[in-house]
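[1] Build me a model:
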Amino acid sequence: MFALMKFTLGKQERLKSRKLITQLFSEGKSVKVFPLRMVYLQTDHFSNFPVQCAVSVPKRNFKKAVDRNRIKRLLRESYRLQKNIVYSEVDKPYVFMISYLAKEEWQFANLKNSMEKLLVKFTEKISEDEK
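    Prediction:
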């Protein structure tokens with residue numbers, strides 16, 4: 001049903017739909033591992049991938065767009081490298097948004113660690129919800 005697993009983060013894997021994002025924040029559940037928070041929702045989307053993902057960094061904490069964009073790049077990269085954690089567990093389509101909560105920029109290694117914990121926590125939560 002779903003496409004083969006590649007370590008890429010293509011257009012179809014990114015959450016772009018305003019309608020889905022609005023629905024995500026009104027109906028979604030969340031999981032937190034500092035400095036990351038994931039809001040997720042099990043819903044159909046028009047992608048060949050089991051998951052569509054987006055990242056956000058608040059303007060309130062990082063005034064300069066350069067800083068926000070760098071953190072978003074790091075978040076996408078850490079997700080891209082570890083998305084197989086989620087792909088191996090999900091069997092229904094999901095959409096989620098990963099938000100950065102810290103007030104200062106974290107090192108990539110620490111961010112990658114937190115991302116791994118977040119994705120594992122997410123898979124545990126959805127498997128527990130299905131029971």
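
[2] any low-confidence regions in this protein?
    Scanning the chain for pLDDT under 70 picks out the ranges 1-6, 131.

[3] Look through it and tell me its longest helix.
    Using DSSP state H to define each element, the chain has its longest helix at helix 108-130.

[4] For it, buried residues please.
    Neighbour counts over helix 108-130 (16 or more other Cβ atoms under 10 Å) mark Leu111, Lys112, Ser114, Met115, Glu116, Leu118, Leu119, Val120, Phe122, Thr123, Ile126 as buried. Any C-beta I mention is one placed from the backbone N, CA and C, and that applies to glycine too.

[5] cool, stretch 53-73 as well?
    So, applying 16+ other Cβ under 10 Å, buried residues of stretch 53-73: Cys53, Ala54, Val55, Ser56, Val57, Asn61, Phe62, Arg68, Ile71, Lys72.

[6] Excluding chain neighbours, give the residue nearest to Glu89 in space.
    Counting by Cβ to Cβ, 6 or more residues apart in numbering, the nearest residue to Glu89 once its immediate chain neighbours are dropped is Thr123, at 4.1 Å.

[7] Nearest the middle, which residue of this protein would you pick?
    Ile98 (4.1 Å; Cα atoms, centre = their mean).

[8] if I pick it, what's in contact with it?
    Neighbouring residues of Ile98 by Cβ atoms under 8 Å, 6 or more residues apart in numbering: Leu36, Arg37, Met38, Cys53, Ala54, Val55, Ser56, Leu75, Tyr79, Met115, Leu118.

[9] same thing but 7 Å
    By Cβ atoms under 7 Å, 6 or more residues apart in numbering, the contact list for Ile98 reads Leu36, Met38, Cys53, Val55, Leu75, Tyr79.
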